[in-house]
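> mind looking at a prediction? Sequence and model below.
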Amino acid sequence: RVLVGTGGWNAMDDLIAVGDFSGDGRPDLAAVSNEKYAIDGYVGHPGWLLTYRGQGNGLLASGERTDGEWWGLNGFC
């Protein structure tokens with residue numbers, strides 16, 4: 001096991017292990033924000049999809065905000 005972060009994960013409702021979505025051969029992670037997620041210092045931004053590229057050593061790169069329309073999801077397959 002590897003610690004992938006020390007803070008900020010409480011602003012995520014869902015963590016999704018999606019495999020390699022970046023195409024670089026490394027496993028990546030996606031997350032959907034909750035109402036604690038802050039944009040430009042202001043909280044209250046649920047439903048943003050963030051992607052975290054795997055670095056190949058068990059660690060993740062910084063999250064990239066990709067889309068804000070994920071708040072209506074009620075499950076993943």
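In hand now; what should we look at?
> and Gly23, what element?
If you go by DSSP states H and E, Gly23 is not part of any helix or strand.
> next up, phi/psi of it, please.
Dihedral angles of Gly23 (phi, psi; degrees, to the nearest 10) stand at phi 80, psi 10.
> so what pLDDT did it get?
Gly23 is assigned a pLDDT of 93 by the prediction.
> repeat for the one 5 residues further on
Among the per-residue scores, Asp28 holds a pLDDT of 94.
> number of residues surrounding Ser22?
Neighbourhood size, Ser22 [other CB atoms under 10 Å]: 16. All C-beta atoms are positioned from the backbone trio N, CA, C, and that covers glycine.
> packing partners for the lowest-mean-pLDDT helix or strand in the chain?
Least confident helix or strand, the chain: strand 64-67 with a mean of 83, by mean pLDDT, DSSP states H and E. On a contact count with 3 or more CB pairs under 8 Å, 6 or more residues apart in numbering; DSSP states H and E, strand 64-67 meets strand 49-52.
> can you dump the C-alpha atoms of the strand it packs on in CSV for me?
Provided in CSV are the C-alpha atoms of strand 49-52 (Å, rounded to 0.1, in the frame of the first residue of the first chain):
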residue,chain,number,x,y,z
LEU,A,49,-15.1,14.9,-12.3
LEU,A,50,-11.4,15.0,-11.5
THR,A,51,-8.8,12.7,-13.0
TYR,A,52,-5.5,11.7,-11.4
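> average pLDDT for that strand?
Averaging pLDDT along strand 49-52 yields 90.
> note down every partner strand of it and its orientation.
With DSSP bridges as the test, strand 49-52 is paired with strand 28-33 (antiparallel), strand 64-67 (antiparallel).
> what's the most buried one of those?
Of the strands paired with strand 49-52, the one with the most neighbours on average (mean count of other CB atoms under 10 Å) is strand 28-33, at a mean of 21.
> check which element follows that one along the chain.
Trace forward from strand 28-33 with DSSP H and E and the next one is strand 38-39.
> for that following strand, which strands pair with it and how are they oriented?
strand 42-43 (antiparallel).
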